[in-house]
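Peer 1: here is the input, now give the coordinates:
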Amino acid sequence: MGEKYPEAARRHLEDSKYLLDDERWDNSAYLAGYVIECSIKALITTPYAPDGVDVYKIGHDIQTLAGHLVPRPPVFPPLANLTFRSPPAGPSTPCQ
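Peer 2: Model prediction:
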């Protein structure tokens, strides 16, 4: 059974936005990474994809995944209309 990468990307994007709105920056950014990964995997597993790309062997290596991208018609609607809030200005040490 094939993975449903477009649906997973949309689901992770929605969750990432909720976490961002709740000012949970690290978790939002973490899920945003999955949005990128699932989006790339969706693109390279479409009927337009080159033959022989095994996304399971590539795993989570974004650079290798992106290396398999070739110009093709868009699969997702443009994400340019999405707006994200920036973290508040000022001193912040979320990783300490």
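Peer 1: buried stuff in the helix or strand where S16 lies?
Peer 2: Per DSSP states H and E, S16 falls inside helix 5-21. For helix 5-21, burial by neighbour count (16 or more other C-beta atoms under 10 Å) applies to Y5, P6, A8, A9, R10, H12, L13, D15, S16, K17, L19, L20. From N, CA and C alone the C-beta is placed, and that goes for glycine too.
Peer 1: give me the mean pLDDT for that helix.
Peer 2: Helix 5-21 carries an average pLDDT of 92.
Peer 1: which helices and strands sit right next to the helix ranked longest in the chain?
Peer 2: The single longest helix within the chain, with elements called by DSSP state H, is helix 25-44. Secondary-structure packing of helix 25-44 (3 or more C-beta pairs under 8 Å, 6 or more residues apart in numbering; DSSP states H and E): helix 5-21, helix 62-67.
Peer 1: tell me the first helix or strand C-terminal of it.
Peer 2: Scanning onward from helix 25-44 (DSSP H and E), the first element met is helix 55-58.
Peer 1: same for that following helix, what does it pack against?
Peer 2: helix 62-67.
Peer 1: give the buried residues for the helix it packs on.
Peer 2: Quick answer for helix 62-67 (16+ other C-beta under 10 Å): L65.
Peer 1: and it, what does it pack against?
Peer 2: helix 25-44, helix 55-58.
Peer 1: kindly recompute the last result at 7 Å.
Peer 2: With contacts taken as 3 or more C-beta pairs under 7 Å, 6 or more residues apart in numbering; DSSP states H and E, helix 62-67 sits against helix 25-44.
Peer 1: now the helix it packs on against helix 5-21, angle please.
Peer 2: 160 degrees (axes from the mean of the first three to the mean of the last three C-alpha atoms, to 10 degrees).
Peer 1: pLDDT on helix 25-44, on average?
Peer 2: Helix 25-44 comes out at a mean pLDDT of 89.
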